[in-house]
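Undergrad: let's see this in three dimensions:
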Amino acid sequence: MKEKWNELKRYPLLVLFFVFLFGFMILDAAWPKRAASELERRDLAQVPEFTFTKLFENVWTSEYDTYTKDQVVGRDMWLRLQSRSESLLFQKEEIGGALLGDDGMLFTQTLALKPTEERILNSNIQQTSLFAQRYPGQVTLLITPSASVIYPDKLPANAPLLDEDALLDTIFSMHEGANCLDVRSAFTAAAESGQALYYKTDHHWTTDGGAYLAYQEYCRSLGLTPLEVDAEDFRQVEDFWGTTYSKCLRWDQTPDVISYLDIPNQMTVWTLNAKGEATEPQFTSGLYDLSKAEVADKYALFLYGNQAYTTIEGTGEGRLLVIKDSYANSFVPYLTANYAEICVVDPRSYRNSIDTLMQREQFDQVLLLFSFQTYSTTNISSYLAASASAE
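TA: Reported below is the predicted structural model:
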């Protein structure tokens, strides 16, 4: 035995390799397994179910490989180390689909629309235009530009990006029956004056910056008086690391601060039946889920995240229907000053005829509010199409 040990000592690197290999295997087996990663904002793969069919079709081995990568010891540490090496050693300006801009700005990189996304965009344009024609004088269309459109000077030099400006021009030109609210000019002027309109670590607009400016533009377009706010009207939640950051884990990134408007209005989230009718309230509460201030996805504090059907009490006049994505969640609280009731629908989870809802509820105004990313890649047209039952 002593002779074998003396012989092994002649190959120290080989010994260290096997010690590391088997030690890592034992540590990996004993390491606690996680259901989700807050850092990456996604669910992690779990042990795949084994069947001989999946094994022979090479499905199980692929699933197991994904599982071992997701549950590897110190995964968060390795991801941060990878990001730091890519940005420092290799001087990469794009990591994980996020562009590393100046002044700590992170941008979502979209090179081009896929053929399926082009079809979705064309269908969405057609149906939102027809929807506006069915309700003349009632529909406002607000497509929020991406931060890369408003802050081109902060992008990496010669960064390849989709020509979003041209597509926005096309979208607005094909909605003659709608009040098209193009905020690019107002946003660009505000950005040039140094106003923070978007989060640095997230794709959403800021509450007291982009969302409030868009709200002012909305009121101006309809002749409404916007709610006046001061800095002390807002409450703040610190250490916000957005979804764009979770893609790249930029090593020298500083977190954002989320602001929310301190108002007492109440909202009700409803349970819906198969026809999309609100049958009973799930809960009634304030406009913010403050428990989300303690988790990674802090933006979900607005309106309790993306709910299918919500009604909100206002102090103004008339009834407004908001058909939206998550950009509207920080925008809608301002509207409580202008309407008596606001109904908020997310077509990605509502999945019922909007026409039927319109005829049943008799709204005075409709706001279609989507980010360009959602409008160009998510099918919302089927829920805005004319409903036979509503004709």
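
Undergrad: can you get me a residue count around residue 248?
TA: Using other CB atoms under 10 Å, the number of residues around residue 248 comes to 23. Every C-beta, even on glycine, is put in place using the N, C-alpha and C of the backbone.

Undergrad: verify the contact between residue 145 and residue 185 for me.
TA: No: counting by CB atoms under 8 Å, residue 145 sits too far from residue 185 to count as a contact (10.6 Å).

Undergrad: give me the more crowded residue out of these two.
TA: Counted by other CB under 10 Å, residue 145 and residue 185 do not tie: residue 145 has more neighbours, with 21 against 9.

Undergrad: check contacts around the more buried one.
TA: 164, 165, 168, 183, 184, 187, 372 (CB atoms under 8 Å, 6 or more residues apart in numbering).

Undergrad: can you lay out those as a markdown table showing neighbour count?
TA: Conversion of these to a markdown table gives the following (neighbours: other CB atoms under 10 Å):
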| residue | neighbour count |
| --- | --- |
| 164 | 18 |
| 165 | 13 |
| 168 | 21 |
| 183 | 22 |
| 184 | 17 |
| 187 | 25 |
| 372 | 21 |
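
Undergrad: now residue 218, nearest residue through space, not along the chain?
TA: Leaving aside its sequence neighbours, residue 218 sits nearest to residue 181 (CB to CB, 6 or more residues apart in numbering; 6.1 Å).

Undergrad: residues touching that neighbour, list them.
TA: 140, 141, 142, 214, 217, 218, 221.

Undergrad: quickly note the distance from residue 379 to residue 113.
TA: 14 Å (CB to CB, to the nearest Å).

Undergrad: and for residue 231?
TA: Residue 231 is 40 Å from residue 113, by CB to CB.

Undergrad: counting neighbours, go ahead and name the busier of these two.
TA: residue 113 (15 against 8).

Undergrad: SS state for the more buried one?
TA: When classified by DSSP: H, G, I helix; E, B strand; the rest coil, residue 113 comes out as coil.

Undergrad: was I right about it contacting residue 121?
TA: Yes: counting by CB under 8 Å, residue 113 touches residue 121, with 6.5 Å between them.

Undergrad: got any residues that touch both of the two?
TA: 376, 377.

Undergrad: before we move on, the earlier item: same list (the contacts of residue 181) but as TSV, adding pLDDT and neighbour count.
TA: Output for these, formatted as TSV (pLDDT from 0 to 100; neighbours: other CB atoms under 10 Å):
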residue	pLDDT	neighbour count
140	97	19
141	97	23
142	98	25
214	98	24
217	98	18
218	98	22
221	97	15
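
Undergrad: all helices of the stretch 251-391 of the chain, in order?
TA: Ranges of helices within the stretch 251-391 of the chain are 332-335, 347-350, 354-361, 372-377, 381-384, based on DSSP state H, counting those that start in this stretch.

Undergrad: wait, residue 164 touches residue 149, no?
TA: Yes: at 5.3 Å, residue 164 and residue 149 qualify as touching, with contact defined as CB under 8 Å.

Undergrad: show me where the chain dips below the pLDDT cut-off.
TA: 1-31, 37-40, 55, 64, 67-85, 87-91, 276, 386-391 (pLDDT under 70).

Undergrad: one more time with 80, if that's ok
TA: 1-48, 50, 52-61, 63-93, 274-278, 351, 383, 385-391 (pLDDT under 80).

Undergrad: what sits against residue 376?
TA: 113, 117, 120, 121, 124, 167.

Undergrad: ok, and the most crowded of those residues?
TA: residue 124 (24 neighbours).

Undergrad: which residue ranges form the helices in the stretch 1-150 of the chain?
TA: 2-8, 12-30, 52-56, 59-70, 75-88, 115-134, 147-150.

Undergrad: what's the burial count for the nearest residue to residue 303 once chain neighbours are set aside?
TA: Take residue 303 and drop its neighbours on the chain: the residue closest to it by CB to CB, 6+ apart is residue 329, 4.6 Å away. Counted by other CB under 10 Å, the residues lying close to residue 329 total 28.
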